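> Need a 3D model of the following:
(one chain, ligands or ions: 1)
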Amino acid sequence: MDVVLSVAGVSKVYASGQRALEPVNLDIRRGEIFALLGPNGAGKTTLISIICGIVTPSTGTVTVLGHDAQRDFRSARRAIGLVPQELSVDMFETVLATVKFSRRLFGRAPDNAYVEQVLRDLSLWDKRDAKIRELSGGMKRRVLIAKALSHEPDILFLDEPTVGVDVALRRDMWKLVHRLRAKGTTIILTTHYIEEAEEMADRVGVIDKGRIILVEDKAALMKKLGKRRMAITLQTPMAAVPSALEGWSVALDDEGKTLVYTFDSENEHIPILLAKLGELGIGYSDLETHKSSLEDIFVDLVERKDAA
Ligand SMILES: Nc1ncnc2c1ncn2[C@@H]1O[C@H](COP(=O)(O)OP(=O)(O)OP(=O)(O)O)[C@@H](O)[C@H]1O
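Down below sits the predicted model:
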């Protein structure tokens, strides 16, 4: 496994006494899209800020492409592009100058062709001579992304990338993320939108109250924890589940009008259950299956942890 970023034993207690992160261990693989998923205040921004050298950890170390993020700050930081949540640009500067300046800050030689490509990819090329303050909110967000990419980072952090973003920008952003990944860029995004992680990520880390409670390949996570449910609308409501269906994970819902069958991702038992209903003379008028989303899994995980 080619690790580009390693977080080892990183914790944070702010000066106010607020514990934002319990010791976190996390390795990020080259070229993956990793989603750090967690509710408000879970510690996502704190973790990213520590990785980017903006916040000092209370304990632990961060290694970026072999560089210690504190001792060798400049080299580590050069490998990272950060798209922050909040606007951090000079409003009176033009788009082109902002992006070129950002590239220079990281000690990169000028490369007009590269900068042009980045601006074109973000549909900003036509706006290159506009001052930032003249742009719409969505366009300003695009400038932040262009700025983060200006120095050709190996790792791109997107902190809550789609908060307050319209559908068009969201779509452009995801296209760009996939293109960057195809070129070998590693992408880490934080989000509390589960659909975002479900749509985009190769791997998902769930963080809650400063603790990483799970890190898993998305597909494996959905397979392992995903549940499916089939709602069978009965022709005649039932008062109780027939004893012949004992051992089946079924329950009545909707005042006995619906029989709900819950099963794991495999579904080979459905025909057997339906045949059984036929044998018992239980008629039905509709069948509907539902697959749990990452959201269901997430809520389940956090609730389970809270209950423990
Ligand atoms: N500079 C700070 N000083 C003191 N406490 C802070 C500071 N920054 C964050 N915190 C606290 O640390 C905890 C984690 O905050 P953090 O911003 O990392 O969470 P988050 O997961 O990014 O949340 P959100 O989704 O709301 O951005 C919160 O309780 C927050 O109030």
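> For this protein, which segments count as helices?
Using DSSP state H, the helices of the chain run over 44-51, 73-78, 95-105, 112-121, 137-149, 167-182, 194-200, 218-225, 270-279, 294-307.
> wait, which of the ones you listed is closest to the ligand?
Smallest distance to the ligand across the helices of the chain (Cβ to the nearest ligand atom): 3.2 Å, for helix 44-51. All C-beta spots, glycine's among them, are computed from the backbone N, C-alpha and C.
> can you list contacts of that closest one?
The contact list for helix 44-51 (Cβ atoms under 8 Å, 6 or more residues apart in numbering) reads 5, 7, 10, 12, 20-21, 24, 36, 38, 55-57, 62, 64, 69, 80, 82, 85, 157, 159-160, 188, 190, 207, 210.
> For the chain, list the residues in contact with the ligand, please.
14, 16, 18, 20, 38, 40-46, 192 (Cβ under 6 Å from any ligand atom).
> Widest-spaced pair of those residues?
Largest separation among those by Cβ to Cβ: S16 and H192, giving 22.7 Å.
> between the two, which one's more packed in?
H192 (17 against 6; other Cβ atoms under 10 Å).
> Against the ligand, how distant is the closest residue to E216 other than its chain neighbours?
Spatial nearest neighbour of E216, excluding adjacent residues (Cβ to Cβ, 6 or more residues apart in numbering): V204 at 6.2 Å. The gap separating V204 from the ligand is 15 Å, by Cβ to the nearest ligand atom, to the nearest Å.
> Show the contacting residues for V204.
Neighbouring residues of V204 by Cβ under 8 Å, 6+ apart: 34-35, 37, 197, 214-216, 218, 221, 294.
> Try it again at 7 Å.
V204 sits next to 35, 37, 197, 216, 218, 221 when contact means Cβ atoms under 7 Å, 6 or more residues apart in numbering.
> Go through stretch 161-175 and flag the buried ones.
By neighbour count on 16 or more other Cβ atoms under 10 Å, the buried set for stretch 161-175 is 161-162, 165, 169, 172-174.
> Same question for stretch 244-252.
Under the neighbour-count criterion of 16+ other Cβ under 10 Å, stretch 244-252 has 245, 248, 250, 252 buried.
> Excluding its own residues, what touches it? List them.
With Cβ under 7 Å, 6+ apart as the test, stretch 244-252 has contacts from 238, 241, 259-263, 273, 280.
> before we move on, the earlier item: between the contacts of V204, which sits nearest L144?
Nearest to L144 among the contacts of V204, counting by Cβ to Cβ, is A35 at 19.0 Å.
> Please determine how far the closest one is located from K175.
Relative to K175, A35 is positioned 17 Å away (Cβ to Cβ, to the nearest Å).
> Now do the domain split for the chain, please.
The chain resolves into domains spanning 3-223, 227-291 when parsed by automatic domain parsing.
> would you list every one of the strands in the stretch 201-308 of the chain?
203-208, 211-217, 228-234, 250-253, 258-263, 284-291 (DSSP state E, counting those that start in this stretch).
> wait, which of the ones you listed is closest to E93?
The nearest among the strands of the stretch 201-308 of the chain, by Cβ to Cβ, is strand 203-208 at 35.1 Å.
> quick one: strands adjacent to that closest one?
Applying DSSP bridges, strand 203-208 is found paired with strand 33-37 (parallel), strand 211-217 (antiparallel).
> residues contacting the spatially most central residue of the chain?
Nearest residue to the geometric centre of the chain (Cα atoms, centre = their mean): A35, 3.0 Å. Residues near A35 by Cβ under 7 Å, 6+ apart: 189, 191, 196-197, 200-201, 204.
> And for I132?
I132 makes contacts with 89-91, 93, 95, 98, 140, 143, as judged by Cβ under 7 Å, 6+ apart.
> distance of the residue of the stretch 101-250 of the chain found nearest the ligand from G38?
Nearest residue of the stretch 101-250 of the chain to the ligand: H192, at 5.4 Å (Cβ to the nearest ligand atom). Distance, H192 to G38, by Cβ to Cβ: 7 Å.
> go on, I54?
Distance, I54 to G38, by Cβ to Cβ: 19 Å.
> So for those two, which residue has more residues nearby?
Neighbours of I54 and G38, each counted by other Cβ under 10 Å, are more numerous for G38; the result is 24 against 13.
> Now do the contacts for that one.
Going by Cβ under 7 Å, 6+ apart, G38 touches 44, 192, 206-208.
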